[in-house]
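Colleague: what follows is a protein structure lacking sequence information:
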């Protein structure tokens, strides 16, 4: 086992798992959210301003159980949780590719495209690199017929 | 603090952090790697075969310290670790977008584009979704002049 420590907190409009959208690009319009970094980690944000997109990792602390197989609400078959983005994972780590909309204060990033519960602990921030993170031709398996629209 | 448990192990050709490539798309040719899932989690792989790409999260257990600011070897300025993909993070979680090349055995995925040390603990597998994970126009900030080539 390894110990993960929060590096900050995410702020969103959603108060429970049930209120969260299916993904952060689904609401129209997409709300402005915030990532607040603990004072001890603010130095680690240096040079982040030039990136248009970030990858945020967070600990979905509202999740109380693991479901290795479950039937998504929009599907008719049980799916392995590693073939889904659902929260019932062995390690409830969520991942969102967000748009960085600047700093609200030196410890607070304004971001768009989050889909998690308000108050979710943030555990990592990474710059999004189109050279290694972007696969426009990726095939989406069983999720292909259920894909949400892509914003252009 | 939250407890992360390994769900499996990654196998790569690299035996130390110093041997690892800058990213998993840099070696030419890119070696075939493996993600071996613990028996208790194999059910969670159901329906994963149709995805061409996955996001793997892993715990970089060779990393012994956090560096909030460091000067990358190919750069002249100190950068905040959250503006880099370096391993010296408060939570040493690595992320790779990999190509899924099929199953070697029911518990072992063949993948390409890993860049971590052989034996690294795997902590999550997510399907890569081009509708939410792909941002082809993303700006790369201070890393833009250092970008590695993109394979077409």
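Modeller: Noted; the coordinates are in hand. A quick note: this is a predicted structure, and the numbers were derived from the prediction, not measured.
Colleague: where are the low-confidence patches of chain A?
Modeller: Along chain A, the model assigns pLDDT under 70 to residues A:149-152.
Colleague: make it 80
Modeller: A:148-152 (pLDDT under 80).
Colleague: quick check: angle from the longest strand along it to strand B:93-105?
Modeller: If you go by DSSP state E, chain A has its longest strand at strand A:93-105. Strand A:93-105 and strand B:93-105 are oriented at 160 degrees to each other (axes from the mean of the first three to the mean of the last three Cα atoms, to 10 degrees).
Colleague: how far away from the center of its chain is strand A:93-105?
Modeller: Taking Cα atoms, centre = their mean, to the nearest Å, one finds strand A:93-105 lying 9 Å from the centre of the chain it belongs to.
Colleague: mind listing the strands it pairs with, and their directions?
Modeller: strand A:53-59 (antiparallel), strand A:108-112 (antiparallel) (DSSP bridges).
Colleague: give me the angle between the helix or strand following the last one and strand B:93-105.
Modeller: The one in question is strand A:108-112. Counting by DSSP states H and E, the next helix or strand C-terminal to strand A:108-112 is strand A:121-127. Strand A:121-127 and strand B:93-105 are oriented at 90 degrees to each other (the same axes, to 10 degrees).
Colleague: what is strand A:121-127 packed up against?
Modeller: Here strand A:121-127 touches strand A:8-11, strand A:32-37, strand A:53-59, strand B:93-105, going by 3 or more Cβ pairs under 8 Å, 6 or more residues apart in numbering or on different chains; DSSP states H and E. Placement of C-beta: from N, CA and C, glycine included.
Colleague: again, only using 6 Å
Modeller: Here strand A:121-127 touches strand A:53-59, going by 3 or more Cβ pairs under 6 Å, 6 or more residues apart in numbering or on different chains; DSSP states H and E.
Colleague: sheet partners, orientation included, of the very next helix or strand once past the strand it packs on?
Modeller: Sequence order places strand A:69-70 as the next helix or strand after strand A:53-59, per DSSP H and E. Strand pairing for strand A:69-70, using DSSP bridges, gives strand A:79-80 (antiparallel).
Colleague: contacts for the partner strand?
Modeller: With contact meaning Cβ atoms under 6 Å, 6 or more residues apart in numbering or on different chains, strand A:79-80 is reached by A:69, B:44-47.
Colleague: rewinding a little: export the strands paired with strand A:93-105 to a markdown table and tack on mean neighbour count?
Modeller: Below are these laid out as a markdown table (neighbours: other Cβ atoms under 10 Å in any protein chain shown):
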| stretch | mean neighbour count |
| --- | --- |
| strand A:53-59 | 23 |
| strand A:108-112 | 20 |
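Colleague: circling back: now the longest strand of chain A: buried residues?
Modeller: Within strand A:93-105, the residues that count as buried by 16 or more other Cβ atoms under 10 Å in any protein chain shown are A:93-100.
Colleague: which residues does the residue positioned nearest the centre of chain A contact?
Modeller: The centroid of chain A falls nearest to residue A:96 when counting by Cα atoms, centre = their mean (2.7 Å). Counting by Cβ under 6 Å, 6+ apart, residue A:96 touches A:24, A:56, A:113-114.
Colleague: between the residues you listed, which sits nearest residue A:11?
Modeller: Comparing those against residue A:11 with Cβ to Cβ places residue A:114 closest, at 8.6 Å.
Colleague: that closest one contacts residue A:11, doesn't it?
Modeller: No: in terms of Cβ atoms under 6 Å, residue A:114 does not count as a neighbour of residue A:11; the distance is 8.6 Å.
Colleague: which residues does stretch A:37-53 contact?
Modeller: Counting by Cβ under 6 Å, 6+ apart, A:7-8, A:97, A:99-100, A:107, A:127-128, B:68-69, B:79-83, B:135, B:138-139, B:141-142 sit against stretch A:37-53.
Colleague: whichever of the residues you listed end up buried, select them in PyMOL.
Modeller: A single PyMOL command selects the buried members of the contacts of stretch A:37-53 (16+ other Cβ under 10 Å):
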select buried, (chain A and resi 7+8+97+99+100+127+128) or (chain B and resi 68+69+79+80+81+82+83+135+138+141+142)
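Colleague: list the contacts for residue A:141?
Modeller: B:50-51.
Colleague: to clarify, my last question referred to residue A:92.
Modeller: With Cβ under 6 Å, 6+ apart, residue A:92 has these contacts: A:60, A:63.
Colleague: look up phi and psi at it.
Modeller: phi -80, psi 60 (degrees, to the nearest 10).
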